[in-house]
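1. Task: produce atomic coordinates for the following.
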Amino acid sequence: MQIAASQHPAAHGSGGRTVGAGGGGGMLHSTSLESLIVLLTTARTQAHARYLSAHFSGPEEEARLTQRLVLYCSDQCQPLLRKAARCIGIQHIRVLQTVYSPHVHNYPMQLEMLKASLAEDVAHGLYPLLVCGVFGALTTAAVDPLEELAELCRRVKVWFHIDASHSGLALAAAAPVAKEESAQRMGPTLVEEMDTVAEQMWEQRTLAFHKAALLADSIHVGISTSFLPTLSANSSAALLYVAETAKVAVTMRRMHAEDEAGGNMWCTPGVVDSFPLRLDCPEMRSSEIIRLALMLMPCNPASMGRLVRGHQAALRYFEQRVRADGRFDCSVHASCFGMVLFRWLTLADEETTALMKRWSDVLASSDTMGGIEGGGFPHRVSLGLTRIQRRVHVCVSLAAGGDDGEACMRRCDVDALVDSLKKVADAWSNDSASLTAATTSKLVT
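-> Next up is the predicted model:
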C-alpha cells in the first residue's frame, strides 16, 4: 500500500512549512499498534535531528538523548500510545491528569498544566518528544483544546499529534445536511431534535479540529468503530496522516537498512518490497486493502453524513431524557461521538454496576420491546462499564439492527429504551427502600 499523497492533506503546515505544499499524505496500517510504532519512531528520529541541529555533540550524546525523551498526553489518551512508546524504549511518559470542565462538560487537557510540565522537564535536562491531543477519547469522548495545543507545539518546535483513533469518523457528520433531504431519505429521524446548543458545540469542535489539523504533524484515525454507524467494526486497520511523508520515509529507511544489507532476503525483480514505509509483510498489506475496499464500496459520503448526524441526534435525545430523570449523573457529554455515559447520582459504584447488569438482562429478554407499536426495537443496544476518574459509569451505544445499518432511529425507539431503564431503576429503588425499611424496623425493635 503506497502512501497516497493528498492534494489537501489532513495534517499540514507545522513550523515553517507552507500549508498545502503537497508533502503530506496518509498511510494505511494493518493495526493501530503498527501505526503508532511508525509514528513514534519517526517523531524520535526528528527529535534527534532537531537536537543535533542546535547542539554540537557526538554519538555518545545522541545515545543519551534517547534516555531523556518525554511523551506528553492526558489520561484520556488511548492506552495503546503509551504501550507503543514503551515498546520502542521511551522511558519518560507524562500522563497529565484531567479534571471535569463545566464549560465543555467533559475532561479536556489543561493547557497550563502542559506548559508547566514542559518547563519543568526541560529544566531537569529532559527533551520533549511529542505532545498528543485527543479528539473524542475512547472512554469519555473528551476533546482537548487542539488549536491551543497545536500553536504551543509550533512555537516550541515539538511534534504535535492528534489522536482521533476512536471518534475521528464522527467527522463524517460535519457536512451540512438539508432537513428536507434528510426527512425524505431517513423518514422520522431525530435530526431535527438536535438542539441549537449541541449543534453549535459540535460545529465548534469540528472547526477546531480542522484548524488544528493544519498545524499538526500527524493524525491517527481508526478505520472502524463500534460506536458510530459508519463502517463495519471488523477491521483493525488504522490511517496515519502525516504532514511530511519524507520524514517517515527517512525513518523507515534506517529501520530497513540492516535487512537490506543482510544476505537473506527476497530479491526477485519486480516482487521485492520497494516501498518500505510499513512494518508488516506485503501479503498482510494486500489482504487488508481488499478487506477495506469491500467495506468502502457500498459507502456513500452524503448518506453516511446523514446517518451519523441522525445517530448523534438520537443519542443526544437519549442523553437529555436520562439527565431529566434526576436520579442519574449524566454530566459527561459524549453523544456526538456515539455514546451516553451516566451513573447513579447518590449511590455507590457497586449499585451502578448492578443497575447495568439488571438492565442488560431486561434488554436481552425476548419480549422487552414487544409492546412498541410497529414492531420490536430495531437497534442493538450495547451496554458496558467505563471508569472515569475512579467512578464507574454505564456506557450506552446504539447500532442499527439491519445489515445495511440504515434503519431510522425514531423518537419512540429512544423513548422505549429510556422507559426500560426507568423501570429497572424504579424496581431497584423499591427494593432498596424495602431493605432500608426492614433494617430500620429491626433496629427499632
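2. quick one, helices of the stretch 201-350 of the chain?
-> For the stretch 201-350 of the chain, the helices defined by DSSP state H, counting those that start in this stretch occupy 245-261, 282-296, 301-325, 349-364.
3. can you tell me which of those helices the model trusts least?
-> In terms of mean pLDDT, the lowest-scoring of those is helix 282-296 (a mean of 57).
4. pLDDT on whichever strand or helix holds residue 394, on average?
-> Residue 394 is located in strand 391-400, with elements delineated by DSSP states H and E. What strand 391-400 shows for mean pLDDT is 86.
5. Tell me which other helices or strands it touches.
-> Using 3 or more C-beta pairs under 8 Å, 6 or more residues apart in numbering; DSSP states H and E as the contact test, the elements touching strand 391-400 are helix 301-325, strand 340-344, helix 349-364, strand 379-388. In this view, the C-beta of every residue, glycine as well, is placed from N, C-alpha and C.
6. Can I get it as PDB, trimmed to CA atoms?
-> Coordinates of the C-alpha atoms in strand 391-400 are reproduced here as PDB (Å, rounded to 0.1, in the frame of the first residue of the first chain):
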ATOM      1  CA  ARG A 391     -16.100   6.400  39.200                       C
ATOM      2  CA  VAL A 392     -17.900   3.700  37.400                       C
ATOM      3  CA  HIS A 393     -20.300   4.800  34.600                       C
ATOM      4  CA  VAL A 394     -22.700   2.900  32.400                       C
ATOM      5  CA  CYS A 395     -21.800   3.400  28.700                       C
ATOM      6  CA  VAL A 396     -24.700   3.100  26.200                       C
ATOM      7  CA  SER A 397     -24.300   2.900  22.400                       C
ATOM      8  CA  LEU A 398     -26.700   2.000  19.700                       C
ATOM      9  CA  ALA A 399     -26.200   0.100  16.400                       C
ATOM     10  CA  ALA A 400     -28.800  -0.400  13.700                       C
END
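7. strand partners of it, parallel vs antiparallel please.
-> strand 340-344 (antiparallel), strand 379-388 (antiparallel) (DSSP bridges).
8. Tell me the buried residues in that strand?
-> 392-400 (16 or more other C-beta atoms under 10 Å).
9. and the angle from it to helix 301-325?
-> Our comparison of strand 391-400 with helix 301-325, counting by axes from the mean of the first three to the mean of the last three C-alpha atoms, to 10 degrees, yields an angle of 140 degrees.
10. I'd like the distance between residue 252 and residue 241.
-> Taking C-beta to C-beta, to the nearest Å as the measure, residue 252 and residue 241 are separated by 16 Å.
11. Of these two, give the one with the bigger neighbour count.
-> residue 241 (26 against 20; other C-beta atoms under 10 Å).
12. Isn't that one up against residue 219?
-> Yes: counting by C-beta atoms under 8 Å, residue 241 does reach residue 219; the two are 4.4 Å apart.
13. With adjacent residues omitted, what lies nearest to residue 132?
-> Closest residue to residue 132 apart from its sequence neighbours, by C-beta to C-beta, 6 or more residues apart in numbering: residue 73 at 4.1 Å.
14. so that neighbour sits in a strand?
-> Yes: secondary structure assignment places residue 73 in a strand (DSSP: H, G, I helix; E, B strand; the rest coil).
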